[in-house]
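[1] Pasting the sequence and the predicted coordinates here, then a few questions.
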Amino acid sequence: MRTSTRTFTRLIAGVAGLAALAVGLSGCSDSGSADGAGDTTTVTFRIWSDDAVAAAYEKSFDAFTKANPDITVKVNQVPWANYWDKLRTDLSAGGGDDIFWTNAYNFAPYADNSKLVNVSSKLSNEVDAWEPSAVKQYTRKGTLWGVPQLIDGGKVLYYNKELVEKAGVDLTDLAWNPEHTADDTFLPALKKLTVDAAGRTADEPGFDGSNLTQYGFNASNDFDAIIGNFVGSNGGLYQSGGKYTFASNAKAEQAIEYVVNLVDKYHVAPSAADTNGNGDFTRDQFLQGKLAVFESGSYNLATIHSSAKFDWGIAPIPAGPAGRIPVTNSIIAAGNAGSKHADATLKVLRWIGSEKGSLALGASGSLIPAVTAAQGPYFDYWTKQGVDAKPFVDGVADGTLKNDVIPNAAATADDLTTALDEIFAGRSNGSVAAALKAAQTAANAGLSE
Amino acid sequence: MGARADRREAITGYAFVLPSFVGFVAFLAVPIAVVVWLSFQHWDLITPARFVGLRNWLSVFADDRFVRSLGITALFVAIAVPLQTAFGLLVGVLLSRRVRGGGLFRVAFLIPWISAPLTLGIVWKWIFAPTDGLLNAVIGQRVEWLASPQLVLGSIIFVAVWSNVGYVSLFFAAGLGAIPEQVIEAARIDGAGGWQTFWRIQLPLLRPTTFFVLVTSLISAFQIFDTVYALAPNGGPRGAADVVSGRIYHEAFQSFDFGRASVMAIVLMLILVVATVASRLYFSKRTEYELS
Amino acid sequence: MRRSSRLVDTVTYTVLIVGLLITLVPFVQSLLTALKTPEQFATSPATALPNPVTLQNFGDLLARYGFLRAVLVTLAVVVTIVVVQVTCSVLAAYAFARLRFPGRDVLFWAYLGTLMVPAIVTTIPLYTLFAQAGLRDTFWGIIAPSLLGSPYAVFLLRQHFLAIPHDLLNAATLDGAGTLRTLWSIAVPVSRPIIATLVVITAVSHWNNFLWPLIITSGGDWQVLTVATASLQTQYNGNWTLVMAAAVISLTPLLALFLVFQRQIVSSLAIRGIN
């Protein structure tokens, strides 16, 4: 008993010593956010977690600090899953980083409440250098609220060359049509690419859609990768004037029903039980060689390039009755109107909106810069990797889905996703059209509270 | 003399309580008071708070989804807490016997409790995945554990019980170990068999342990969030896993309606107070002995 | 007699081993995932064995993702909180159990009451307070709310202090010891096992704490392990091999702590039935 008392006392002493050391260390390295020795100002720059992007920005900011020795920029990465919670919390207490990334779904409340730097007045000379679609997306009531940083471009069909050749399918110029099945070349192609456990393709009799070994397409409840593109290509309107219209707008409803049928009626895509709430599933099935055609954006290019063990190619998305009209998104870096370093912040904003500032971003191949002059390096990078990335920007030639911002979309976004999940899972009460209508009504009701 | 000693004791008492009291007031009481205040305001974090009287309270009580979530959470608690207590008791009984490798078993059973819930949730999601998931691969059937409204709550209960059995079993194993040998001997001499000894001697003597375990389990089960968030975000299929904490989180960080979120939090707290007081009454009536 | 004992032993071991397998399966899965390359994880089913086995995820975490600093920060946070919080809780619990002063029981139940409010809502007012005090993104900001005691700890300790036989403590008083001395030389040594358990429980819960450190810090300097792990997941990519490696790194110190303290813990958790 006595020995263990002594050991215990020693343990306590050791722990206490460690604690003191820890406190001491923390005191030493407590840099704090105050300006350091001399006159350097530190501007904080927040993005959601992405190592490649952070590294690219750091390169860009090194060049900036060389040209502006009295300003250093610190890049902060915040976990994507918590980015919006934290942004709102930080801004509510008058804090938050000096500049932060935001996307179209989330920026409106901050703009409307004067939390963001007015870019169209402060940086009016620079606006021309930026991608027009991005500028438009973030202009509210005539004011632009941030410096566009990246664009998605359009969407493409990544495809597995071996599977496609084996099925004898040509993906270069497909068309889909919800009304005139005779004009639909997309669905028959997908049917040839879907194989069940008995080796039958979806266009053969006796095909068992519940037991697939190879999926034709990644149709699922994914607005950015799938639904938005079909709605746009059908000439439909998903949301307009601050409200959802995907059910009341006939063409939008028709397009969504087409996608749902791909999953539940024709079984050319994985079941919703696999894809609902699991964004990785279809991509991983594609990478495992079990999914023939994967519709997605430039954000998956790097992963596919590094992980796919088979020959793959890029084809344009199928043309709908209104053309090839994808949904496209961009991201801005917004200035914090409550920043304590307004001048330095403005300088940094000007820098990242310039060609010189965005060069490092494009050259990293991790994003397509919104500064049009800096886009070349992005394509050069990928050409060096043996990939032609032009289809991403070519894909918006016919136009893009008109996607008016809904200011408080976050309030009902999750519920809407769940309602759509249910529809994709085949659990709608009544017809798909009726279920969509119910979902739209519920989503719009939640917006106006 | 007595009065002075009493006063000195009181001062010592206050002095001892002082550090934690400061923390209690500053970091617990004040925020909770703010939460109560917020329940009468409309606040979205970026516009100034606006007084709205009882509107939040009325709207929350009229909110079907919130009321339903109370039911779902109660169902969850009613199944998970007894299950984890029973299994914990079973494992505790087994471990209190001289088992070879007992130490290793104990550590192993505790690993679920010491792991971060968010990463555990991810792994369980893979295990429950319909295609290529570990569980379906083992049983050879395709079952939609998390996508089916009927099965999702059961799957979550399984994970919750799994996470807590080890922790509960420790308390019971120790509690059993604390019962003096003589008491067991006496029972055996009186002719009681193993089961009788357990049921009528050991179990009653375990009541203080059971009380602590039940109360702390109740409090934490009613607040379950991380596991549900990982396995069935936003309430799961048909809202079958819509628990109260999920509603509070949604209200606070998606709708950004802090007034309503505050009301929901207060309702949850009141439920817990009632549950704790009820447990205390149940147990205090029956804990009337002393082992000296 | 002997046969039924053997039967009981067999049943015991069977139940324990089955329980063990069910308990460990998810961790084996985590470990296997941590040993896979990201390419392998994407291109083969999650249940496949790592081939080739690689330690690159661990290396990347420590070298490129600043995990070494995250471990040190988390360690500093946990050690500081444990030492100070347990001390404050011991003092308060002893007072609630053994000293008489007006308002004692009301105060104790108020403490307990705070356990029942979900942390999500109290976080926002707390954050606003801290932001105004300029404690955003600092070490003290992370530890301050938990530093001065915990209602759970006070609850647990009070039950135990209540169970210490009166005679033991009275003997000390008769010898002329003041309250503090009685506490330090009698009550604490007797309660050593439960204090050890409390140390472990406190360490575990703060090591895995996510919400408060996430809200109060921003960026790389003061990231704790949980936040650093969440940061590994990008918008379109879960980076699961890295996340699992991070989970393994986070688990290991706690496991070590347990192996060291486990005998103390088990002998300590006996809660006696008095009052």
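    Great, that's in hand.

[2] and the gap between the closest residue in space to A:Asp196 that isn't next to it in sequence and A:Pro79?
    Closest residue in space to A:Asp196, ignoring its immediate chain neighbours: A:Asp208 at 4.6 Å, by C-beta to C-beta, 6 or more residues apart in numbering or on different chains. Heads up, the C-betas are built off the backbone N, CA and C, glycines and all. Here A:Asp208 is placed at a distance of 42 Å from A:Pro79 (C-beta to C-beta, to the nearest Å).

[3] swap in C:Asn237?
    13 Å.

[4] what about A:Ala219, neighbour count?
    Neighbours of A:Ala219 under the rule other C-beta atoms under 10 Å in any protein chain shown: 29.

[5] How is it assigned, secondary-structure-wise?
    Assigned with DSSP: H, G, I helix; E, B strand; the rest coil, A:Ala219 falls in the coil class.

[6] can you list the residues of the stretch 151-275 of chain C near chain A?
    Residues of the stretch 151-275 of chain C found near chain A (C-beta under 8 Å from any C-beta of the partner chain) are C:189, C:192, C:214-215, C:218-221, C:227, C:230-238.

[7] Mind checking which of these are buried?
    The neighbour-count test (16 or more other C-beta atoms under 10 Å in any protein chain shown) marks C:192, C:214-215, C:218-221, C:227, C:230-234, C:236-238 as buried among these.

[8] coming back round to it: wait, the residue nearest to A:Asp196 sits on A:Val195?
    No: contact criterion C-beta atoms under 8 Å: A:Asp208 and A:Val195 do not qualify, at 10.4 Å.

[9] More neighbours: which of these two?
    A:Val195 (22 against 12).

[10] who are the neighbours in contact with the more buried one?
    By C-beta atoms under 8 Å, 6 or more residues apart in numbering or on different chains, the contact set of A:Val195 is A:Thr201, A:Ala202, A:Leu212, A:Thr213, A:Gln214.

[11] and the residues of the stretch 151-275 of chain C next to chain A, which of them are in helices?
    C:Pro189, C:Arg192, C:Leu214, C:Ile215, C:Val227, C:Ala230, C:Ser231 (DSSP state H).

[12] pLDDT score assigned to the fifth one?
    Right, C:Val227. With respect to pLDDT, C:Val227 has a value of 94.

[13] Report the contact partners of B:Leu110.
    B:Gly166, B:Tyr167, B:Leu170, C:Phe258 are the contacts of B:Leu110 under C-beta under 8 Å, 6+ apart.

[14] Farthest pair within these?
    B:Tyr167 and C:Phe258 (11.7 Å; C-beta to C-beta).

[15] And what about the residue nearest to A:Asp196, helix, strand or coil?
    A:Asp208 - assigned by three-state DSSP - is coil.

[16] check contacts around it.
    Contacts of A:Asp208 (C-beta under 8 Å, 6+ apart): A:Asp196, A:Ala197, A:Ala198, A:Arg200.

[17] Would you mind measuring from the last one to chain B?
    Same thing as A:Arg200. 19 Å (C-beta to the nearest C-beta, to the nearest Å).

[18] is it true that that residue touches A:Asn211?
    No: using C-beta under 8 Å, A:Arg200 makes no contact with A:Asn211, being 10.1 Å away.

[19] And the worst-scoring helix or strand of chain C on mean pLDDT, how far out from the chain middle?
    Within chain C, confidence by mean pLDDT, DSSP states H and E is lowest for helix C:166-174 among all helices and strands, at a mean of 80. Relative to the centre of its chain, helix C:166-174 is centred 34 Å away, using C-alpha atoms, centre = their mean, to the nearest Å.

[20] right, is it up against chain B?
    No: with C-beta under 8 Å from any C-beta as the criterion, chain B is not reached by helix C:166-174; the gap is at least 9.1 Å.

[21] who's in contact with that helix?
    C:Arg98, C:Arg181, C:Thr182, C:Ser185, C:Ile186, C:Ala187, C:Val190.

[22] Go again with 7 Å.
    For helix C:166-174, contacts defined as C-beta atoms under 7 Å, 6 or more residues apart in numbering or on different chains pick out C:Arg98, C:Thr182, C:Ile186, C:Ala187.

[23] mind listing what A:His341 touches?
    Contacts of A:His341 by C-beta under 7 Å, 6+ apart are A:Thr41, A:Val43, A:Asp98.

[24] show me the contacts for C:Phe67.
    C:Leu61, C:Ala228, C:Ala246, C:Ile249.

[25] which among those end up buried?
    Counted by 16+ other C-beta under 10 Å, the contacts of C:Phe67 give C:Leu61, C:Ala228, C:Ala246, C:Ile249 as buried.

[26] out of the residues you listed, which are inside helices?
    Among the buried ones among the contacts of C:Phe67, the members that lie in helices (by DSSP H) are C:Leu61, C:Ala228, C:Ala246, C:Ile249.

[27] The first one contacts C:Met244, doesn't it?
    No: with contacts defined as C-beta atoms under 7 Å, C:Leu61 does not count as touching C:Met244, sitting 10.5 Å away.

[28] mind listing what the most centrally placed residue in chain C touches?
    With distances taken as C-alpha atoms, centre = their mean, C:Val204 lies nearest the centre of chain C, 1.6 Å away. C:Val204 sits next to B:Ile114, C:Leu254 when contact means C-beta under 7 Å, 6+ apart.

[29] Can you name every helix or strand that the least confident helix or strand in chain B by mean pLDDT contacts?
    When each helix and strand of chain B is scored by mean pLDDT, DSSP H and E, helix B:194-197 comes last, with a mean of 78. Contact here means 3 or more C-beta pairs under 7 Å, 6 or more residues apart in numbering or on different chains; DSSP states H and E; on that basis helix B:194-197 packs against helix B:181-189.

[30] buried sites along the helix it packs on?
    Neighbour-count burial for helix B:181-189 [16+ other C-beta under 10 Å]: B:Ile184, B:Ala187.

[31] if you average pLDDT over that helix, what comes out?
    83.

[32] Over to stretch B:88-103?
    Stretch B:88-103 comes out at a mean pLDDT of 81.

[33] Alongside chain B, which residues does chain A contribute?
    Counting by C-beta under 7 Å from any C-beta of the partner chain, chain A comes close to chain B at A:85, A:88-89, A:91-92, A:109-110, A:113, A:115, A:273-274, A:276-277, A:410-411, A:414-415, A:417-418, A:422, A:425, A:427.

[34] restrict those to those near chain C?
    Answer for these near chain C (C-beta under 7 Å from any C-beta): A:Thr89.

[35] pLDDT on stretch A:230-238, on average?
    Rounded mean pLDDT across stretch A:230-238 is 96.

[36] Give me the residues contacting it.
    Outside stretch A:230-238, the residues that touch it by C-beta under 7 Å, 6+ apart are A:178, A:228, A:245-246, A:249, A:251-252, A:254-256, A:258-259, A:319-327, A:400-403.

[37] for whichever strand or helix holds A:Thr345, packing partners?
    Here A:Thr345, judged by DSSP states H and E, is contained in helix A:342-352. Packed against helix A:342-352, as judged by 3+ C-beta pairs under 7 Å, 6+ apart, are the following elements: strand A:41-48, helix A:51-67, strand A:71-78, strand A:99-103, strand A:147-151, strand A:330-335.
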